[in-house]
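In: Would you be able to build a 3D model of this:
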Amino acid sequence: MPIVLGGEHATAVPELCLAEAPALLACAIGEGEETAVELVEALSHDRHRSLRDVAGIVFRTPEGPCRTTPRARIRDVDDIPPPRWDLTPIERYLDGGFSFGVDRGRTMPLLATRGCPYRCTFCSSPQMWTTRYSTRDPRLVVDEIEDYIGRYRATSFDFYDLTSIVKPDWITAFCAEIERRKLRITWSVGKTPTTAWGSRSPDRRRYPNHRNFLAPAGTVAPSGNTPPLDDLWRGGENDAD
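Out: All right, here's what the predicted structure looks like:
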């Protein structure tokens, strides 16, 4: 059975992955939804199709790794179908309290955005996502939350986004939607409000009291020491949608 690797690590060092894992056939570079479908078609249904025709991969050949044409980013992330959690043993994870944040009950993972417009010195994100930052419709994100509340009795939500709080207008609309629907939940993000509205943010003056709407909507944000974060921060192109 062919083995394909994707994600941040495979995107950052695909040649190294192929060298260190002899059983590995290919690495998917960047977003994998469309690449995975084309790879499956090339390896199963379409015997005459070459892996060289599949955009966004690095695959093994007798002559060495071969890198194909880069794949364009998905423009509308709202078009991506929701995760099929019903095909996984999700109850085992929920009952075990497995999450990447503080255990606050039955917790489901979420993604509301993709990418990051910045170029931090330590991060491989520009290789994985470029610096294009895309957001889902906040109403659709809250629809997903309500679905998980109904189907899985979820009470808390972990956002796995690289940078959840980049666009203040988006996060305020999201919090307002939670409040409008009177959802009593907690949710945590991987970035602190001070990262988004820090000393370099042009939106700091527009939203001086951002914590006043984040906390009532159920936010649980990890803390960070701002000066060291500033040392690691680099501005990128203005690619936020």
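In: Could you use CA atoms for every contact and neighbour count after this?
Out: OK.
In: show me what contacts the spatially most central residue of the chain?
Out: Among the residues of the chain, the one closest to the centroid is D161, at 4.1 Å (Cα atoms, centre = their mean). Going by Cα atoms under 8 Å, 6 or more residues apart in numbering, D161 touches L110, L111, A112, T113, R114, G115, V189, G190.
In: again, only using 6 Å
Out: Taking Cα atoms under 6 Å, 6 or more residues apart in numbering, we find D161 in contact with L111.
In: host element of A72?
Out: Taking DSSP states H and E as the definition, one finds A72 inside no helix or strand.
In: Burial check on it, number of neighbours?
Out: 12 (other Cα atoms under 10 Å).
In: in this protein, what secondary structure element scores lowest on mean pLDDT?
Out: Scoring the helices and strands of the chain by mean pLDDT, DSSP states H and E places helix 193-196 at the bottom, with a mean of 44.
In: Let me know the distance separating the residue lying closest to W129 once chain neighbours are set aside from C17.
Out: Leaving aside its chain neighbours, W129 sits nearest to G115 (5.2 Å; criterion: Cα to Cα, 6 or more residues apart in numbering). According to Cα to Cα, to the nearest Å, G115 and C17 sit 23 Å apart.
In: mind checking which helix or strand I145 is in?
Out: Assessed by DSSP H and E, I145 sits inside helix 138-152.
In: Could you export the following helix or strand past that helix as CSV, CA atoms only?
Out: The helix or strand immediately downstream of helix 138-152 is strand 156-159, counting by DSSP H and E. The C-alpha coordinates for strand 156-159 follow below in CSV (Å, rounded to 0.1, in the frame of the first residue of the first chain):
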residue,chain,number,x,y,z
SER,A,156,-15.7,23.2,25.2
PHE,A,157,-13.9,23.9,21.9
ASP,A,158,-10.2,24.1,21.0
PHE,A,159,-9.2,26.1,18.0
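In: from memory S188 sits against D158, does it?
Out: Yes: counting by Cα atoms under 6 Å, S188 does reach D158; the two are 5.1 Å apart.
In: what residues are shared contacts of those two?
Out: Contacts common to S188 and D158, judged by Cα under 6 Å, 6+ apart, are absent.
In: circling back to that earlier point, in terms of pLDDT, where does the residue nearest to the centre of the chain sit?
Out: pLDDT recorded at D161 is 88.
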